[in-house]
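Trainee: No letters, just coordinates:
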């Protein structure tokens, strides 16, 4: 299953700070259905993600009825990204 969307990068400064992009509601419905098959616990969904020319493996985190995509430092540096940037994210979920 492949999903593509655009979203804004935001920062969570919790005990372990991270940058994320929130998956829009329409795509979250598809992912929720897939999570029943692929989740390894806690609703986490393993994916291959791509922004620009950078691809990486990660897991989507469920949050308040939606999913969020964590952005690794290496991805942000490779693509020159920061908080507030709007990016196109492509996700591949292996079913």
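Mentor: Sure thing, it's come through. Given the structure is predicted, the values throughout are model-derived calculations rather than measurements.
Trainee: name the element the residue nearest the centre of the chain belongs to?
Mentor: In the chain, the residue lying closest to the centroid (C-alpha atoms, centre = their mean) is residue 69, at 1.9 Å. Applying DSSP states H and E as the criterion places residue 69 in strand 66-71.
Trainee: Indicate each strand paired with that strand and its parallel or antiparallel sense.
Mentor: strand 18-22 (antiparallel), strand 54-63 (antiparallel) (DSSP bridges).
Trainee: chain center to stretch 18-26: distance?
Mentor: Remark: stretch 18-26 is offset 6 Å from the chain centroid, using C-alpha atoms, centre = their mean, to the nearest Å.
Trainee: which other residues reach it?
Mentor: For stretch 18-26, contacts defined as C-beta atoms under 8 Å, 6 or more residues apart in numbering pick out 3, 5, 7-12, 31, 60-61, 63, 66-71, 76, 81, 83, 87, 89, 91. (Glycine included, C-beta is placed from N, CA and C.)
Trainee: Output the longest helix belonging to the protein.
Mentor: helix 25-38 (DSSP state H).
Trainee: Between strand 66-71 and the helix or strand bottoming out on mean pLDDT in the chain, find me the angle.
Mentor: Comparing every helix and strand of the chain by mean pLDDT, DSSP states H and E singles out helix 25-38 as the least confident one, with a mean of 90. Helix 25-38 and strand 66-71 are oriented at 80 degrees to each other (axes from the mean of the first three to the mean of the last three C-alpha atoms, to 10 degrees).
Trainee: So for the spatially most distant residue from the centre of the chain, what's the pLDDT?
Mentor: Residue farthest from the centre of the chain, counting by C-alpha atoms, centre = their mean, is residue 15 at 19.7 Å. Looking at residue 15, its pLDDT is 82.
Trainee: Then residue 73?
Mentor: At residue 73, the pLDDT recorded in the model is 94.
Trainee: Report how many residues lie close to residue 25.
Mentor: Using other C-beta atoms under 10 Å, residue 25 is surrounded by 9 other residues.
Trainee: separation between it and residue 50?
Mentor: For residue 25, the distance to residue 50 equals 21 Å [C-beta to C-beta, to the nearest Å].
Trainee: follow-up on the earlier one: what residues sit buried inside the least confident helix or strand of the chain?
Mentor: For helix 25-38, burial by neighbour count (16 or more other C-beta atoms under 10 Å) applies to 27, 28, 31, 32, 34, 35, 38.
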